[in-house]
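Asks: Give me coordinates for this.
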Amino acid sequence: MPRQIRLNAFDMATPGHIQQGMWTHLRDNARHYNRLDHWTDLAKRLERGLFDGLFLADVLGIYDVYGGSPDAALRAAAQVPLLDPMLTIPAMAGVTTHLGFGVTSNTAYEPPYLFARRMSTLDHLTDGRIGWNIVTGYLDSAARALGYDQQMAHDDRYDLADEYMDAVYALWEGSWADDAVKRDTAGHLFTDPARVRRIAHHGRQYRIEAMHLCEPSPQRTPVLYQAGASDRGRRFAATHAECVFANGTAPAVVRRIVDDIRARAAPRPVQVFAGATVVVGRTEKEARDLLADYASHADAEGTLAHASASLGIDFSRYGMDEPVQAGPTQAIRSNVEAMAKVAGPAWTKRKLLEQSVLGSRQPPIVGDPRQVADALQRWVEEADVDGFNLSRTVMPECLDAFVDLVVPVLQERGLYKTAYAPGTYREKLFGAARLPDGHPAAAHRWR
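Replies: From the prediction side, this is the model:
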């Protein structure tokens with residue numbers, strides 16, 4: 001039996017996410033990102049398509065590397081303005097039954113104690129459908145916004161994140177026993193004090209002496225996502241993540257990342273989601289016409305503002321055909337490495353923009369339903385990925401077209417589910433309610 005493909009929608013609470021400029025299309029509804037019905041409508045559409053989850057990106061700063069100013073990002077709506085994605089989740093959970101929610105949160109700037117309560121709250125309010133995309137940050141603008149001169153060095157951020165994980169695992173897994181809450185109205189006993197204990201975490205970065213404020217949630221620890229592709233990021237992912245988000249322009253490139261992470265994490269299972277952008281039509285010509293239509297809205301300035309921040313390179317300093325000098329960076333190192341592999345060591349701003357057909361560095365999959373299904377199947381087979389994070393182009397038509405045209409073809413081939421499995425987000429993905437005993441969180445469980 002073929003492996004069934006997992007699908008997340010990849011989105012952000014902002015007008016311009018990955019494909020810069022698409023918000024200017026008259027049929028795009030991303031301009032309404034700040035309306036609650038925008039998010040509840042999205043959630044219902046995703047559940048209709050049997051999507052496993054909605055993967056919500058987030059950053060805590062503004063893109064101000066390009067030209068040393070935020071002006072380009074502000075003009076292009078390049079991930080600004082930006083809402084707090086966590087606040088959208090309870091409303092979306094209220095109009096769905098099965099859809100999971102993977103939300104991004106940065107380990108660098110929020111105390112573990114406060115964050116642990118927010119995630120437990122979301123796990124309760126979603127009936128166990130919450131996941132956490134663990135990020136360490138990459139923007140100096142975020143560090144300055146939070147009171148620091150600049151962000152920590154790349155590998156130091158992962159060292160801090162390792163301790164952060166140890167602290168939240170202790171709160172989620174070890175503070176309350178499974179049977180601590182009695183709800184005994186006759187005996188006037190809600191919680192048995194003997195079944196709740198203080199967590200004592202004394203680390204280099206954090207000192208916690210406290211009971212977790214939340215009773216055990218359906219999953220206790222949320223489903224854990226991570227997207228680090230540098231060597232240090234892969235080591236972190238192999239230690240902690242259940243699901244890994246891997247970007248790459250070719251299956252062979254992603255396959256090397258997948259093989260490495262799976263080997264490091266073994267024998268613990270890890271599911272890998274590749275980033276993908278799909279433009280599908282009833283015919284190939286219709287898809288190509290849609291691509292041309294969408295491409296006419298791509299925003300070069302927004303692309304450069306986003307790329308400058310994520311690569312740590314101010315592209316305003318370079319002419320169109322001047323070789324870009326990519327030295328050591330504290331931004332997303334794997335992005336710099338990936339760009340050099342695609343465009344060569346002497347890549348230029350022109351090559352970057354030529355690659356950015358729809359306003360991002362991710363080349364789209366374009367074709368009729370069977371051609372798109374063929375491409376996704378080839379990625380699964382050649383890159384050994386479990387599924388895809390599908391980024392939006394023009395919403396909601398890109399999502400509706402995928403659900404109506406591609407999903408039936410994948411189902412015909414036995415590559416996609418025809419109904420949701422029961423249970424929490426983790427049970428749907430892994431068939432188990434709790435993290436495996438070999439996961440570092442298990443060491444903190446109440447015994």
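Asks: What is the neighbour count of W446?
Replies: Close neighbours of W446, defined as other Cβ atoms under 10 Å, add up to 15. All C-beta spots, glycine's among them, are computed from the backbone N, C-alpha and C.
Asks: Checking M119 next. Helix, strand or coil?
Replies: Under DSSP: H, G, I helix; E, B strand; the rest coil, M119 falls in the helix class.
Asks: which residues does it contact?
Replies: With contact taken as Cβ atoms under 8 Å, 6 or more residues apart in numbering, M119 is in contact with S105, I130, W132, V168, W172, P222.
Asks: my guess is the first one is in a helix, correct?
Replies: No. Membership of S105 in a helix is not supported by three-state DSSP, which gives strand.
Asks: hey, where'd the strands end up in the stretch 251-400 of the chain?
Replies: With DSSP state E, counting those that start in this stretch, the ranges of strands along the stretch 251-400 of the chain come out as 271-276, 278-280, 365-367, 387-391.
Asks: How far off centre is the helix or strand hosting H124?
Replies: Using DSSP states H and E, the element containing H124 is helix 112-125. In this view, helix 112-125 has its centroid 18 Å away from the chain centroid, taken as Cα atoms, centre = their mean, to the nearest Å.
Asks: So which bits of that helix are buried?
Replies: Of all the residues in helix 112-125, those buried under the rule 16 or more other Cβ atoms under 10 Å are P112, Y113, F115, A116, M119, S120, T121, L122, D123, H124.
Asks: now stretch 435-447
Replies: The neighbour-count check on stretch 435-447 (16+ other Cβ under 10 Å) flags L435, H439, A441, H444, R445 as buried.
Asks: wouldn't the fourth one be in contact with V168 here?
Replies: So the one you mean is H444. No. In this structure, H444 is not within contact of V168 by Cβ atoms under 8 Å, at 9.4 Å.
Asks: Any stretches of the stretch 251-400 of the chain with poor pLDDT?
Replies: The model of the stretch 251-400 of the chain has pLDDT under 70 over residues 326-345.
Asks: Helices along that one, start to end?
Replies: With DSSP state H, counting those that start in this stretch as the criterion, the stretch 251-400 of the chain has helices at 251-265, 284-295, 300-311, 333-343, 349-355, 369-383, 397-401.
Asks: Count the neighbours of G187 for me.
Replies: 8.
Asks: And for T97?
Replies: T97 is flanked by 9 other residues according to other Cβ under 10 Å.
Asks: neighbouring contacts of stretch 156-166?
Replies: With contacts defined as Cβ under 8 Å, 6+ apart, stretch 156-166 is touched by 107-108, 112, 134, 136-137, 151-152, 201, 203-206, 228, 232-233, 235-236, 239-240, 440-441, 444.
Asks: Centre of the chain to that stretch, how far?
Replies: Remark: stretch 156-166 is offset 19 Å from the chain centroid, using Cα atoms, centre = their mean.
Asks: Buried residues, it. List them.
Replies: For stretch 156-166, burial by neighbour count (16+ other Cβ under 10 Å) applies to R157, Y158, D159, L160, A161, D162, Y164, M165, D166.
Asks: Now do the same for the last one: helix, strand or coil?
Replies: In other words, D166. Counting by three-state DSSP, the backbone at D166 sits in helix.
Asks: Quick check: the gap between it and P112.
Replies: 9 Å (Cβ to Cβ, to the nearest Å).
Asks: Can you pull the residues that touch both of those two?
Replies: Shared contacts of D166 and P112 (Cβ under 8 Å, 6+ apart): H201.
Asks: Show the model's pLDDT score for the nearest residue to L358 once chain neighbours are set aside.
Replies: Closest residue in space to L358, ignoring its immediate chain neighbours: Q19 at 4.3 Å, by Cβ to Cβ, 6 or more residues apart in numbering. On pLDDT, Q19 comes in at 96.
Asks: Roughly how far does Q19 sit from S391?
Replies: Taken as Cβ to Cβ, the span from Q19 to S391 is 7 Å.
Asks: Between the two, which contacts overlap?
Replies: Here Q19 and S391 have T277, S360 as joint contacts, going by Cβ under 8 Å, 6+ apart.
Asks: quick one on the thing from earlier: compare the helices of the stretch 251-400 of the chain and give me the one nearest H25.
Replies: Nearest to H25, of all the helices of the stretch 251-400 of the chain, is helix 284-295, at 6.9 Å by Cβ to Cβ.
Asks: in the closest one, what counts as buried?
Replies: Residues of helix 284-295 classed as buried: A287, L290, L291, Y294, A295 (neighbour count, 16+ other Cβ under 10 Å).
Asks: Could you dump those into TSV with distance to L304 added?
Replies: Formatted as TSV, the buried residues of helix 284-295 follow (distance: Cβ to Cβ, whole Å):
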residue	distance to L304
A287	27
L290	25
L291	21
Y294	19
A295	16
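Asks: Before I go, just wanted to say thanks for your time.
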